[in-house]
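1. this one's structure only:
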């Protein structure tokens, strides 16, 4: 039957079929959005292993090879996110004739207002959307939110709708850890009697993940997908190398076309036992090879960093609060720095999960004023052990609205970007002559002295990051001057060119 | 005339003179207190350079050589602080016969209640008084307080009477620096037309200094005397080496017998231009040679430390707030660590002088909970530029009473001393099985988990370092347990063996 159909299509009717496919696919796809081709194919045997399926997407002289994937139920899919407007054509390739040589076109059209494209590195240390809009990373963390009951997942989305975060750190694999010792509703691999069948994937697992990634995308939230992590009791941290590799290629085939996907190769790579540096290198190489978009790529550490200068890493994912090293790290790594884990606001009996809202707020300001980006997480004790940092749900803390306040300030900054001022008297990010944002931390000068290098005159605003107030100082300022201050700690100062 | 008197004394009447001297000197001197012998001698020429004067103090088989000094007005003095009770005898030595061979005795008696003797290093990392009482260092800083008008000096003493400090960091030389650009009432060397006569000292300068050191002693405050510093406009930081050396010997001869004297060879040694490591080594050697008591000795730094392992340094005087390095420094230096300068509570437009009271309080707790000792200073703007850190006067800040509260807690700890617990979950000083004092800083667990290694059961008290409250928890605790906490940051916890 299959053979018969193939014969017909590949034979006399091939031009017609091609035209039909082209018509049916003559969809309008927004730039950076997802085109998906789904073809029916074999279900017998093990399609995950037996069938190779890919497509080549072409526009004028460009050709982009994209791996497809088996999505269960006889459906073979390939996804592609075009980065240029105009007509694209494709042709499929497969070792199974019914999936091979399928052709079609689609029209890539201008993005809609809320589609800014993927985030990439900009100006060495920062990020921006592909459409030119700046992206200031304000992350949060819900490691295992997609492994919770559907209602809880939906609640997380509702919470995020009101929250100030534009990046979510989340694990693809379920997580087994304190406050989080539950079986997920669905496993990534078929599982029975405690054994994983690593030769197959469970499409429903990925369908749910994709739904959640798409929901995040709709909210303007990047999905920083953690590919491996040590908090495991199912075996996912210890799979044979060929399974690791197949998993990575499958994930990339499914997810890379989501423009809000980032790859976090590991959470705490150095705590994953049994993997060597060469393994991590290989994972990165596979991601480089198979991801046509070269989505943002990092590896998060616990103790030692995986060498951040490795060329395939787009940015540095940092655990800790050693903000004093930001200048050194910027100089050494020449990449954006994200303190993805500066501990969590909460009250659990763990020193990584019991920092105050004040301290979390302080860390966001301190990290950003030194030229890095920050990530949030929350770990308040809960009667049902639903802690945001792992399961999502609702936020209880006092830092998110302060982070929202900070985000509003950062986003009101110069669109061309800011950079830390080396040797500034207090940590300061600036655009020379135009904009200076200082964070004074535990300093409480009653008179603060500044010597703004050029430009001006400047307006001065005293910002209270905790009270979330902005108070404009009388007059304007330039050059060397003293500014009367409330003599209170934990304040910030913003100078902007008057009239600019 | 002088010769005539000497001839008589040295001749037939010598035994009688000796007996008379013994009678007149048969004073009762408390152990560790100051015996002073004053003899009239030559005033002609330059007594500071021309006359050598010293004494040998003897008790049974012990002999202690002590340098004397010229105190002006023809008075030659030698001071001695006996460290053992019983009769001591002395005999003077001089290149001038009228000062040579004078003999006498005095009786060293038991110390009075408030005299605990000098402070020395105890148990490698701590301090104790010679009588066995513990000494927990709580320092403050008034660099130039003895160079202020007398009324202001007296006000400083009155302030200290109510303050929690038991060590004062203070410069011998006047200081020229921001908020402190005044000429002292008296100079250490005769000065005219902007020139110092380095061949002479000004005894009045030292009389005042001694009065202040004695006042500090009466208040139980150690005087950490800074011998050199860079903040100079008179030339004292740039004297010829032979003047440096003569100055050190003169200072030691005058001041070493004050049992509350410590030597701080420099403030910010590395900022004193023109002195080499060999110079600092030589200063230390001179102090070692000439100070019969080997008073506590340190060198304070700005950037690089003068090698703290140098054997003549009794402890490490630290600038900064790098409390995370305390374990490493304890292991490397094996000496007490004093963070003499962790910045100053205040509001001046200097980041070293504008930290909040909360931050100063936090630093005291954090430093001590990690196994170091702390020093305070205060720099609030003042209409008359009287800032405590330099000139003394009154305290305006909110940290001193919190430091008093901390001191009361530390002094209520085990008299045998405490030590930091390596790898403690939160910084903790303890006496195993008996006493644990944790500082939780920005951590706010609602439940805190502890696993006290041995002993118990323990009472638990939640300490609020800012509110200065101690709240006893219900029940007793031992081994591994969870303690309900207020879920609030900046708390400390004390566990004490119940009934102990």
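-> It's in. Keep in mind it's a predicted model, so treat the numbers as computed, not measured.
2. what about the stretch 351-500 of chain A, any weak spots by pLDDT?
-> Scanning the stretch 351-500 of chain A with the threshold set as pLDDT under 70 gives A:500.
3. Actually, chain A.
-> Looking at chain A by pLDDT under 70, you get A:1-26, A:500.
4. domain ranges for it?
-> A:2-109, A:119-411, A:419-497 (automatic domain parsing).
5. for chain B, what are the nearby residues on chain A?
-> For chain A, the contact set with chain B under C-beta under 8 Å from any C-beta of the partner chain comprises A:347-351, A:354-356, A:358-359, A:381, A:425-426, A:442-449, A:482, A:487-489. (Glycine included, C-beta is placed from N, CA and C.)
6. Pop out the phi and psi values for residue A:288.
-> Dihedral pair for residue A:288: phi -60, psi -50, per degrees, to the nearest 10.
7. May I ask you to confirm that it is in contact with residue A:310?
-> No. Using C-beta atoms under 8 Å, residue A:288 is not in contact with residue A:310, being 10.7 Å away.
8. which residues of chain A fall in helices?
-> Along chain A, counting by DSSP state H, helices occupy A:2-10, A:14-24, A:47-50, A:150-162, A:203-218, A:241-255, A:277-290, A:326-333, A:357-369, A:388-391, A:399-411.
9. Out of those, which one sits most buried?
-> The highest average neighbour count among these, using mean count of other C-beta atoms under 10 Å in any protein chain shown, belongs to helix A:388-391 at a mean of 28.
10. What is that helix packed up against?
-> Counting by 3 or more C-beta pairs under 8 Å, 6 or more residues apart in numbering or on different chains; DSSP states H and E, the packing neighbours recorded for helix A:388-391 are strand A:138-141, strand A:378-379.
11. The first one pairs with which strands?
-> What it means is strand A:138-141. With DSSP bridges as the test, strand A:138-141 is paired with strand A:167-171 (parallel), strand A:373-375 (parallel).
12. cool, the last one as well?
-> Under the criterion DSSP bridges, strand A:378-379 sits next to strand A:345-346 (parallel) in its sheet.
13. Who is the residue nearest the centre of chain A paired with across the strands?
-> Centroid-nearest residue in chain A, with C-alpha atoms, centre = their mean: residue A:224, separated by 3.0 Å. Taking DSSP bridges as the rule, residue A:224 bridges to residue A:169, residue A:262.
14. That one is in contact with residue A:172, isn't it?
-> No. Between residue A:224 and residue A:172 there is no contact under C-beta under 8 Å: 10.9 Å.
15. Can I get the strands paired with strand A:138-141 in JSON lines including mean neighbour count?
-> As requested, these are exported to JSON lines (neighbours: other C-beta atoms under 10 Å in any protein chain shown):
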{"stretch": "strand A:167-171", "mean neighbour count": "26"}
{"stretch": "strand A:373-375", "mean neighbour count": "25"}
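16. Rebuild these as CSV, extending it with distance to residue A:390.
-> Output for the strands paired with strand A:138-141, formatted as CSV (distance: least, C-beta to C-beta, whole Å):
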stretch, distance to residue A:390
strand A:167-171, 9
strand A:373-375, 15
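17. out of those, nearest to residue A:215?
-> Nearest to residue A:215 among the strands paired with strand A:138-141 is strand A:167-171 (10.2 Å), distances taken as C-beta to C-beta.
18. Just the residues contacting that closest one, thanks.
-> A:137-147, A:160, A:212, A:216, A:221-226, A:229, A:262, A:264, A:267, A:340, A:375 (C-beta atoms under 8 Å, 6 or more residues apart in numbering or on different chains).
19. that older thread, pull out the buried residues from the residues of chain A next to chain B.
-> A:347-351, A:354-356, A:358-359, A:381, A:425-426, A:442-446, A:448, A:487, A:489 (16 or more other C-beta atoms under 10 Å in any protein chain shown).
20. from those residues, which ones fall inside strands?
-> In strands, defined here by DSSP state E, the members of those are residue A:448.
21. Enumerate every residue touching the residue nearest to the centre of chain A.
-> Neighbouring residues of residue A:224 by C-beta under 8 Å, 6+ apart: A:139, A:167, A:168, A:169, A:170, A:262, A:263, A:264, A:296, A:298, A:340.
22. now, which of those residues sits nearest chain B?
-> When the contacts of residue A:224 are compared for distance to chain B (C-beta to the nearest C-beta), residue A:340 wins out at 19.1 Å.
23. What is the burial count for that closest one?
-> Look at residue A:340: counted by other C-beta atoms under 10 Å in any protein chain shown, it has 29 neighbours.
24. Tell me the spacing between the residue nearest to it when sequence neighbours are not counted and chain B.
-> Spatial nearest neighbour of residue A:340, excluding adjacent residues (C-beta to C-beta, 6 or more residues apart in numbering or on different chains): residue A:375 at 4.1 Å. Per C-beta to the nearest C-beta, to the nearest Å, residue A:375 is found 17 Å from chain B.
25. Just the closest residue of the stretch 101-250 of chain A to chain B, please.
-> residue A:178 (11.2 Å).
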